[in-house]
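# Any chance you could fold what I've pasted below:
(chains A and B)
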Amino acid sequence: MLALRPRLASKLSAWLALSPATTILVVVYVGCTAWTVWISMTASRMLPSSTFVGLRQYDALFANERWQISVSNLVVFGVLFMIASLVLGFLLAVAIDQRVRAENVLRSVFLYPFSMSFIVTGLVWQWLLNPTYGIQAVGRGFGFETFRFDWIVRQETVIYCLVIAGVWHAAGLVMAIMLAGLRGIDEDIWKAARVDGLPPWRVYVSIVIPMMGASFATAAVLLATSVVRLYDLSVAMTNGGPGIASEVPAKFVMDHLFERQNIGLATAAATSMLITVAAVVAPWIYIQSRRRRAA
Amino acid sequence: MKHSASVLALAMGLGWSGMAVAQEMKAEVIHWWTSGGESAAVKVFADQFQKAGGTWVDTAIAGGANARTAAINRTVGGTPPAMMQFNTGKQFDELVENGLLNDVEAVAAEQKWKDKIPPAILAATVRNGKMYAVPVNIHGQNWLFYNTDVLAKVGAQEPKSFDDLFPILDKVKAAGLIPLAFSGQKTWERNLFNAVMLGQGGAKLWLSVYGDKDPAAVKSAEFKNVAETYAKLRNYVDAGAPGRNWNDATALVIQGKAGFQIMGDWAKGEFIAAGKTAGKEYGCVVLSKAGGGYAMGGDVFAFPKTKDANTLKAQAVLEKVLLDPTTQIEFNNKKGSIPVRLDVDTSSMDVCAQKGAKMVADKNQQAPAQELLTPPAVTGAVEDVISSFWNTPGQSVETFQDKFAAALKSI
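Modelled structure (predicted):
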């Protein structure tokens, strides 16, 4: 009994300390999420209404061409952006890890884009990619009259422009994480590999990369969150155009929530995004927790 | 429990201090007129209200959607401003339905507004037989602006219809200039389509498409002709058009790099800022074939419900100030729009404004803008369809017609 008391007291104070955060979590996150899901099943337009319409908003949503394009854009962007950022970031880190001169300068230069917001990134790349005064115009100015780089004004290619800008923005961050990972590799491994006469690329592929699982996971999670909330880049670069070719889900939600006074459809879209993310994250968390228990 | 009690006390305290200040007829106004010309225009209202003994508290929020969201949230939350801006049209429908707005019937009857405002604009403010907002201006959305030098260079006259326009566009193209300065953003792609619909199809088609939302009208031969004319315009814009801002497109016309732009009369602000005079360096005309029409949009002010006697008094004074004839002329000169009253003297306004005022005075030319006829959700759905048609040259006109009809029925 005596031994139990202080333990109980410390548990109580822990709960007390956590209660503000817990309240915020429950009320703001869980509460608002539940409210969003509820509104998505009503006929709400400009103001929330309580007319229950079941899944009608979802029918309208999935029949909506703009939503379909938004979702497929997110998939294309997500896959290409993550792979390209990871590969490029890793290669940059390897290059810098060769103990090059002016390492500090280069590291800052590569990390610099990350210090900019997506809005600025989008604007800069909008100008660079604009065919009448960007890269294409410069190429033609040098005398290459047929030089063509007008991806941003073509519907089929505009999404790759978002990828280019996104990778430019994120690769530096990936590099910083990877560099930290590379520096954490034991020097003795390199010495042993040199004694065995392994070529450096073989050491990277077979030994170093498998040892850097944590770095890759960190970078991947950070990149994945910026994929899901992709919004400002599309707004600043193309505003969803040409046409509706570079629309993304978050922009669909924002536009319908405010400009279009259609919160029923907007919350249905937001709920669909949540379910998708949950469907990816939940199994992962489950596996992690089982692994932890097993270990 | 203790917590909620203190919140209550706080709220009472706030209410108390609010009442004390309100003695001097104070009115907070939420609007989105933040650019140079716009804030000069809204200052006309503020000064007039000040003269009438009020205190104008200016809450300007950049971006129409942001300003409306802020105003709506505050109204629903119980701390409304005295007056809030909307575009003429259906943006405040649900506020009326939920009984959150005061009507302006008393002042409207006293000032006999209903005889002086064009019917389409008046109708856009009336819900259940009562006027719920005060319109302050009329913006024409379907003007064709042109550079007179470019026109002279290719030896052409001012076009009257789209049929006249195409040969001139060809000549401008042959002269190595951009024929049509275009800003490839969804709103302007829709605005251009609407200008073509009024210009080629006339007010009758316009009203059956957007007013009655009649699928038969969308499937008609007239509508098909509109879509084909619109599609033909794709050949006259430059490669840099997608994503361009409308004022950058206007700049191309001002600099003589492009011949024409189809835009609302707010584009005049850019010409004026560049030191150009209407009828001299640039001209303006509304293209029409079958009677045509002037797409009338604009802005209104609505008055949230309140029980506070001083705010009510301020609201009544504001209503009168907004539509005072001198205020109307002064405000609209700065805004680039035309007065909403048909009984004011427009001779002091520029050539384009006078042309516009003449059209608005003619009943057959009064066409309510799309925002007056379709709620924002439908306007947005239609906009997506038009935008995707404009940017997909491979899409057939029939597919476009089907999608358009579906979008009109989307809610």
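# Show me which residues of the stretch 101-250 of chain B sit near chain A.
B:184-186, B:189, B:238-243 (C-beta under 8 Å from any C-beta of the partner chain). Bear in mind the C-beta positions are built from the backbone N, C-alpha and C, glycine included.
# which among those residues end up buried?
Among those, those that count as buried by neighbour count (16 or more other C-beta atoms under 10 Å in any protein chain shown) are B:184-186, B:189, B:238, B:240-243.
# was I right about residue B:254 contacting residue B:147?
Yes: in terms of C-beta atoms under 8 Å, residue B:254 counts as a neighbour of residue B:147; the distance is 7.4 Å.
# Adding distance to residue A:247, secondary structure and pLDDT, write the buried ones among the residues of the stretch 101-250 of chain B next to chain A out as CSV.
Shown next, in CSV, are these (distance: C-beta to C-beta, whole Å; DSSP: H, G, I helix; E, B strand; the rest coil; pLDDT from 0 to 100):
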residue, distance to residue A:247, secondary structure, pLDDT
B:184, 15, strand, 92
B:185, 13, coil, 92
B:186, 10, helix, 93
B:189, 14, helix, 97
B:238, 24, coil, 94
B:240, 21, coil, 89
B:241, 19, coil, 92
B:242, 14, strand, 90
B:243, 13, coil, 87
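# quick one on the thing from earlier: quick one: which of the residues of the stretch 101-250 of chain B next to chain A is nearest chain A?
Distance to chain A, by C-beta to the nearest C-beta, is smallest for residue B:240 among those, at 3.3 Å.
# The closest one against residue A:126, yeah?
No: contact criterion C-beta under 8 Å: residue B:240 and residue A:126 do not qualify, at 11.1 Å.
# So residue 261: helix, strand or coil?
The chain I'm using is chain A. coil (DSSP: H, G, I helix; E, B strand; the rest coil).
# actually it's chain B I care about, not the one you picked
strand.
# Return the residues in contact with residue 30.
In the absence of a named chain, chain A is used. Residue A:30 makes contact with no residue under the criterion C-beta atoms under 8 Å, 6 or more residues apart in numbering or on different chains.
# Chain B was what I was after
So residue B:30 contacts B:59, B:61, B:67, B:70-71, B:74, B:81, B:83-85 (C-beta under 8 Å, 6+ apart).
# Which strand or helix spans it?
Assigned by DSSP states H and E, residue B:30 falls within strand B:26-31.
# What residues sit buried inside that strand?
In strand B:26-31, counting by 16+ other C-beta under 10 Å, buried: B:26-31.
# I'd like those as TSV, with pLDDT and distance to residue B:364 appended.
Listed next are the buried residues of strand B:26-31 as TSV, based on pLDDT from 0 to 100; distance: C-beta to C-beta, whole Å:
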residue	pLDDT	distance to residue B:364
B:26	92	45
B:27	95	39
B:28	96	41
B:29	97	36
B:30	97	36
B:31	96	33
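# what's the closest of these to residue A:283?
residue B:30 (47.0 Å; C-beta to C-beta).
# For that closest one, list each beta-bridge partner.
residue B:59, residue B:84 (DSSP bridges).
# quick one: it from residue A:109, how far?
Using C-beta to C-beta, to the nearest Å, we find residue B:30 at a distance of 45 Å from residue A:109.
# Not counting residues beside it along the chain, what's closest to residue B:149?
In space, residue B:149 comes closest to residue B:256 once its chain neighbours are excluded; the distance is 5.6 Å by C-beta to C-beta, 6 or more residues apart in numbering or on different chains.
# now swap in residue A:148 and tell me
Leaving out its chain neighbours, residue A:148 is closest to residue A:136 (C-beta to C-beta, 6+ apart), at 6.4 Å.
# what residues does chain A put near chain B?
Counting by C-beta under 8 Å from any C-beta, the residues of chain A near chain B are A:45-47, A:60, A:65-66, A:126, A:130-133, A:150, A:152-153, A:155, A:237-245, A:255-256, A:258-262, A:265.
# from the residues you listed, which would you call buried?
For the residues of chain A next to chain B, buried by 16+ other C-beta under 10 Å: A:45-46, A:60, A:65-66, A:126, A:130-131, A:150, A:152-153, A:155, A:237-245, A:255-256, A:258-262, A:265.
# taking those one by one, which sit in helices?
A:60, A:65-66, A:126, A:237, A:255-256, A:265 (DSSP state H).
# Just the terminal-to-terminal distance for stretch B:91-110.
Taking C-alpha to C-alpha, to the nearest Å, stretch B:91-110 runs 26 Å from one end to the other.
# which other residues reach that stretch?
A:45-47, A:261, B:68, B:72, B:75-76, B:80, B:86, B:113-114, B:127-128, B:130-134, B:300, B:302-306, B:312, B:315-316, B:319-320, B:371, B:375-376.
# Same question for stretch A:103-118.
A:92, A:96, A:100, A:121, A:124, A:168-173, A:175-176, A:179, A:231-233, A:236.
# Narrow those to those in helices?
The helices, defined by DSSP H, take in A:92, A:96, A:121, A:124, A:168-173, A:175-176, A:179, A:232-233, A:236 from these.
# what sits against whatever residue of the stretch 51-200 of chain A ends up closest to chain B?
Closest to chain B within the stretch 51-200 of chain A is residue A:132: 3.3 Å, counting by C-beta to the nearest C-beta. With contact set as C-beta under 8 Å, 6+ apart, residue A:132 has these partners: B:238-240.
# rerun at 6 Å
Residues in contact with residue A:132, defined by C-beta atoms under 6 Å, 6 or more residues apart in numbering or on different chains, are residue B:240.
# Need the per-residue pLDDT for it.
For residue A:132, the pLDDT comes out at 86.
# circling back: could I have the buried ones of the contacts of stretch A:103-118 as ChimeraX selection syntax?
The command below creates a ChimeraX selection of those among the contacts of stretch A:103-118 that count as buried (16+ other C-beta under 10 Å):
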select /A:92,96,121,124,168,169,170,171,172,173,175,176,179,231,232,233,236
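# neighbours around residue A:82, how many?
By other C-beta atoms under 10 Å in any protein chain shown, 21 other residues sit near residue A:82.
# And residue B:116, by the same measure?
Neighbours of residue B:116 (other C-beta under 10 Å): 16.
# Let's see the pLDDT reported for it.
93.
# hang on, it packs against residue B:341?
Yes: contact status for residue B:116 versus residue B:341: in contact at 4.7 Å, counting by C-beta atoms under 6 Å.
# so where's the stretch 201-350 of chain B shaky on pLDDT?
B:290 (pLDDT under 70).
# Spit out the contact partners of residue B:120.
Counted by C-beta under 6 Å, 6+ apart, residue B:120 has contacts B:366, B:368.
# got the residue ranges for the helices in the stretch 1-150 of chain B?
B:2-21, B:36-51, B:64-77, B:93-97, B:105-111, B:119-123, B:148-153 (DSSP state H, counting those that start in this stretch).
# mind putting those helices in a markdown table, distance to residue A:82 and mean pLDDT included?
Converted to a markdown table, the helices of the stretch 1-150 of chain B look like this (distance: least, C-beta to C-beta, whole Å; pLDDT from 0 to 100):
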| stretch | distance to residue A:82 | mean pLDDT |
| --- | --- | --- |
| helix B:2-21 | 45 | 44 |
| helix B:36-51 | 43 | 92 |
| helix B:64-77 | 32 | 92 |
| helix B:93-97 | 41 | 93 |
| helix B:105-111 | 60 | 94 |
| helix B:119-123 | 52 | 92 |
| helix B:148-153 | 49 | 96 |
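# mind putting these in CSV, distance to residue A:72 included?
Converted to CSV, those look like this (distance: least, C-beta to C-beta, whole Å):
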stretch, distance to residue A:72
helix B:2-21, 47
helix B:36-51, 39
helix B:64-77, 26
helix B:93-97, 33
helix B:105-111, 51
helix B:119-123, 41
helix B:148-153, 42
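# And for residue A:116, the neighbour number?
Quick note: residue A:116 (other C-beta under 10 Å) scores 14 neighbours.
# mind checking pLDDT for it?
The model's pLDDT for residue A:116 equals 91.
# Equivalent analysis for the one 4 residues further on, please.
In this model, residue A:120 is scored at 94, pLDDT.
# tell me the contacts of residue A:66?
A:244, A:247, B:384.
# For residue A:217, state which of those is nearest.
residue A:247 (30.2 Å).
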